[in-house]
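**Q** Show me the folded form of this:
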Amino acid sequence: MSRKRLTTEILLVLGLSLGASAAYSVVSIVNRLTQKIALSQQTATINISLSDRPTFDLIYQLMALFFDLVPVALVIFLLWNSSRPHLGRLGIDGTRPARDGLSGLGLALVIGIPGIAVYLGGKALGITVNVVPTALDTYWWTVPVLVLSAVRAGLQEEVIVIGYLFERLKELGWGRWRILVLTSVLRGSYHLYQGIGAFIGNFAMGLLFGWLYQRNGRLVPLIIAHAVIDIAIFVGYPWAAATFPDLFGVPK
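**A** All right, here's what the predicted structure looks like:
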């Protein structure tokens, strides 16, 4: 493709996915910073109820997850090779599932604990809002939906921000560091609704994930690590909030 067509494709993909999220998050942080209430006293909720009727809440949750994954399907379609392995350029070839899985779990442990420290440090400094990972009522489907939400986040962010953008920007002739910094800024930007601390933490995560991808060329470990971290946060939040209410800003 020509540079113009390739640039247009990138802008369209971002406009349909995380680029739009970044734009909304930038407006959100400006709105938060211009309020009289301190940033650390504000709250951002990630998984919210979409209906007061449990059956329709479940239907809406599943529909939202499905349509969030459509841009992922789009970029997979755009990067698909006719010959096997179809997604070999992303390191998705099925040749070492056990190694990719263990690498993902190890990376989740490496990222998870410092991530909590960054969040608590941001709250202490007043640059991070109180993040509530889930406000869903407890039904039989609550945990499965939270797990699916975590998997959706891992697929959406890593396939688009790492897999797709790294490939397309490289085709545009961008250098390694330029790609690494830009994609990390994008990752931090669509988390700005959680505060400045969230931007810093996710920017650092983007640098690490991007560097690992440039070094190893394997996308699956990053998807697994991201999903595992979010599963631990989403599913473990009710217990953590009840056990450590002061840390999570929960009234006693």
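
**Q** For the stretch 51-200 of the chain, which segments count as helices?
**A** 54-68, 70-79, 97-125, 142-157, 165-171, 176-189, 196-216 (DSSP state H, counting those that start in this stretch).

**Q** Export the shortest one to PDB, keeping only CA atoms.
**A** What follows is helix 165-171 as a C-alpha-only set of coordinates in PDB (Å, rounded to 0.1, in the frame of the first residue of the first chain):
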ATOM      1  CA  LEU A 165       0.600  -0.700  15.200                       C
ATOM      2  CA  PHE A 166       4.100  -2.100  15.400                       C
ATOM      3  CA  GLU A 167       3.700  -3.900  12.000                       C
ATOM      4  CA  ARG A 168       2.000  -1.000  10.200                       C
ATOM      5  CA  LEU A 169       4.300   1.800  11.600                       C
ATOM      6  CA  LYS A 170       7.300  -0.300  10.700                       C
ATOM      7  CA  GLU A 171       5.900  -0.500   7.100                       C
END
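
**Q** Buried residues of that helix, list them for me.
**A** L165, F166, R168, L169 (16 or more other C-beta atoms under 10 Å). Any C-beta I mention is one placed from the backbone N, CA and C, and that applies to glycine too.

**Q** any idea what sits nearest the third one, other than its immediate chain neighbours?
**A** Spelled out, it's R168. I10 (5.4 Å; C-beta to C-beta, 6 or more residues apart in numbering).

**Q** Also the last one?
**A** Counting by C-beta to C-beta, 6+ apart, L169 lies nearest to I179, which is 4.7 Å off, once chain neighbours are set aside.

**Q** Verify the stated contact: that neighbour with W211.
**A** No: here I179 does not reach W211: they are 10.8 Å apart, not a contact under C-beta atoms under 8 Å.

**Q** between the two, who's got more neighbours?
**A** I179 (21 against 14; other C-beta atoms under 10 Å).

**Q** wait, what's in contact with the more buried one?
**A** Neighbour list for I179: L165, F166, L169, K170, G210 [criterion: C-beta atoms under 8 Å, 6 or more residues apart in numbering].

**Q** Export those residues as CSV, with columns for distance to S2 and pLDDT.
**A** Shown next, in CSV, are the contacts of I179 (distance: C-beta to C-beta, whole Å; pLDDT from 0 to 100):
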residue, distance to S2, pLDDT
L165, 18, 98
F166, 20, 97
L169, 15, 97
K170, 16, 96
G210, 26, 97
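
**Q** ok, which pair from those is furthest apart?
**A** K170 and G210 (12.0 Å; C-beta to C-beta).

**Q** buried sites along stretch 49-67?
**A** Those would be D57, L58, Q61, L65, for stretch 49-67 by 16+ other C-beta under 10 Å.

**Q** Identify all contacting residues around that stretch.
**A** So stretch 49-67 is contacted by A135, L136, D137, Y139, W141, V145, L148, S149, R152 (C-beta under 8 Å, 6+ apart).

**Q** and the residues you listed, which two are the farthest apart?
**A** Maximum distance among the contacts of stretch 49-67 (C-beta to C-beta): 20.0 Å, for D137 and R152.

**Q** Can you pick out the residue with more neighbours from those two?
**A** R152 (18 against 10).

**Q** State whether that one and N47 are indeed in contact, as I suppose.
**A** No: using C-beta under 8 Å, R152 makes no contact with N47, being 10.7 Å away.

**Q** show me what contacts F234?
**A** So F234 contacts I46, N47, P133, T134, L146, V147, S149, A150 (C-beta under 8 Å, 6+ apart).
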